[in-house]
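> Structure, please.
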Amino acid sequence: MKKINARTLHRDLGYFYLGLILSFAFSGILMNHRENWHPDKYTLNVKAIEVQLPDEKDINDEFAENLAKSLQIEDKIKRHMVRKGKFKMMFENTEVEIDTKTGKGEILEFVKTPFISQTMKLHKNTSAWWIYFSDIFGISLIFIAVTGAMMVKHGKHTFKRRGWKLTAIGLIFPILFLLFF
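The predicted model follows:
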């Protein structure tokens, strides 16, 4: 029976997970900036509307549902509100915003940005299978990091002489970020 070599295991796990690392890195960058370009809400259609709104006190669930039907919106209402002079209704793939004084507004219909929104599911997926796979991936990344740190055994750039300092800085940085930002 052949003895398992840590260097070989480190290399082979690194190769195996390279595609997943790239996918997670790409989707993570996209997730970091999702508020700037809304990959889950790519605007497909904008339609101007004008409706007669009742007094703000008369705007309720029943009114919102009837208005949605009259505007031919098939989605189920997630929520509605009157805020800063605007009546807003939010649906799965549609948003309606109407000025309460003029009754003028617009319907925004959305579709997900192809490929990019699907890639972002890597970070949002909650299926048991994906969670276990992600746990194994995380443990493997820890293994790759630790074995990689231990590979240099001689000289001034070993983990014992220099690497631990850089590792400490690498650990302190996210802690400081969490504390101060």
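
> Look through the protein and tell me its longest helix.
The longest helix of the chain (DSSP state H) is helix 6-32.

> Give me the most central residue, the protein.
Using Cα atoms, centre = their mean, the residue of the chain that lies closest to the mean C-alpha position is Met31, 4.1 Å off.

> Excluding residues flanking it in the chain, which one is nearest that one?
Distances taken as Cβ to Cβ, 6 or more residues apart in numbering put His123 closest to Met31, at 5.3 Å, once the chain neighbours are dropped. C-betas here are computed from N, CA, C, even on glycine.

> Check the one you found and give its pLDDT.
Note on His123: pLDDT of 72.

> Met1 too?
60.

> Same check on Arg162?
83.

> Also Asp61?
Note on Asp61: pLDDT of 92.

> Please list all residues in contact with it.
Ile77, His80 (Cβ atoms under 8 Å, 6 or more residues apart in numbering).

> Backbone dihedrals for Val51, please?
The phi/psi pair for Val51 (degrees, to the nearest 10) reads phi -130, psi 160.

> how near is it to Lys88?
Look at Val51 and Lys88: by Cβ to Cβ, to the nearest Å, they are 13 Å apart.

> got it, and Asp55?
Asp55 sits 17 Å away from Lys88, going by Cβ to Cβ.

> Give me the more crowded residue out of those two.
Per other Cβ atoms under 10 Å, whichever of Asp55 and Lys88 has more neighbours is Lys88, with 16 against 7.

> helix or strand for the more buried one, which one?
Following DSSP states H and E, one finds Lys88 within strand 86-91.

> State the next helix or strand along the chain beyond that strand.
Following strand 86-91 toward the C-terminus (DSSP H and E): strand 94-99.

> Can you show me the CA trace of that next one as CSV?
The C-alpha trace of strand 94-99 is given here as CSV (Å, rounded to 0.1, in the frame of the first residue of the first chain):
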residue,chain,number,x,y,z
THR,A,94,-42.5,43.5,-11.1
GLU,A,95,-42.6,46.8,-9.2
VAL,A,96,-45.2,49.5,-9.4
GLU,A,97,-44.5,53.1,-8.3
ILE,A,98,-47.2,55.8,-8.4
ASP,A,99,-47.1,59.4,-7.3
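
> Show me which residues of that strand are buried.
Thr94, Glu95, Val96, Glu97, Ile98 (16 or more other Cβ atoms under 10 Å).
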